[in-house]
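Colleague: The following block contains a protein sequence and its predicted model.
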Amino acid sequence: MTGSQLKMKAYSLDLRPKIIDVYHQGNISQRQLAKQFGVALSSIEKLLKQDRQTGQIAPKVRIKQTPTKLNPEQLKVLQELVNSNKDATLEELRHQLVATTGVGISRST
């Protein structure tokens, strides 16, 4: 998995202003800032962008949950496929699910 596929915990409210303050003092690149605070460069980029665009540095609040790809009936079919094919790979289960329900899902799903 890549870093973008992982769900990461938001950095603490006390760390965020420290990062912003050091950046605004100048003479430090975003890469150096990431190294100094031990955070990912992409996190620094996102935090600075959020600060520039909104003036806010608090973690974004997720309002809407991503809907599940499979409905309850399809989940039941998947469970039955798993139970009856215990040695099947994820790829094989994906193909069986498509053949049975017509619904395609990614391997990670």
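Modeller: Good, I have the coordinates.
Colleague: which intervals of this structure have sub-threshold pLDDT?
Modeller: Residues of the chain meeting the criterion pLDDT under 70: 1-9.
Colleague: Work out for me the element Arg94 sits within.
Modeller: helix 90-101 (DSSP states H and E).
Colleague: Could you double-check that Arg31 lies in contact with Ala40?
Modeller: No: with contact defined as C-beta atoms under 8 Å, Arg31 does not count as touching Ala40 (10.7 Å). Heads up, the C-betas are built off the backbone N, CA and C, glycines and all.
Colleague: any chance you could map the helices in the protein?
Modeller: Secondary structure of the chain (DSSP state H): helices located at 15-25, 30-37, 41-54, 72-84, 90-101.
Colleague: Show me what the third one is packed against.
Modeller: It refers to helix 41-54. helix 15-25, helix 30-37 (3 or more C-beta pairs under 8 Å, 6 or more residues apart in numbering; DSSP states H and E).
Colleague: List the contacts of it.
Modeller: 3-4, 8, 11, 16, 19-20, 23, 30-31, 33-34, 37, 56-57, 60 (C-beta atoms under 8 Å, 6 or more residues apart in numbering).
Colleague: Tell me the one of those residues nearest Arg94?
Modeller: Comparing these against Arg94 with C-beta to C-beta picks out Ser4 as the nearest, at 21.7 Å.
Colleague: Identify the residues contacting the closest residue to Leu93 other than its chain neighbours.
Modeller: Setting aside the residues directly before and after it, Leu93 is nearest to Leu81 in space (C-beta to C-beta, 6 or more residues apart in numbering), at 5.7 Å. For Leu81, the contacting residues are 88, 93, 96-97, 100, by C-beta under 8 Å, 6+ apart.
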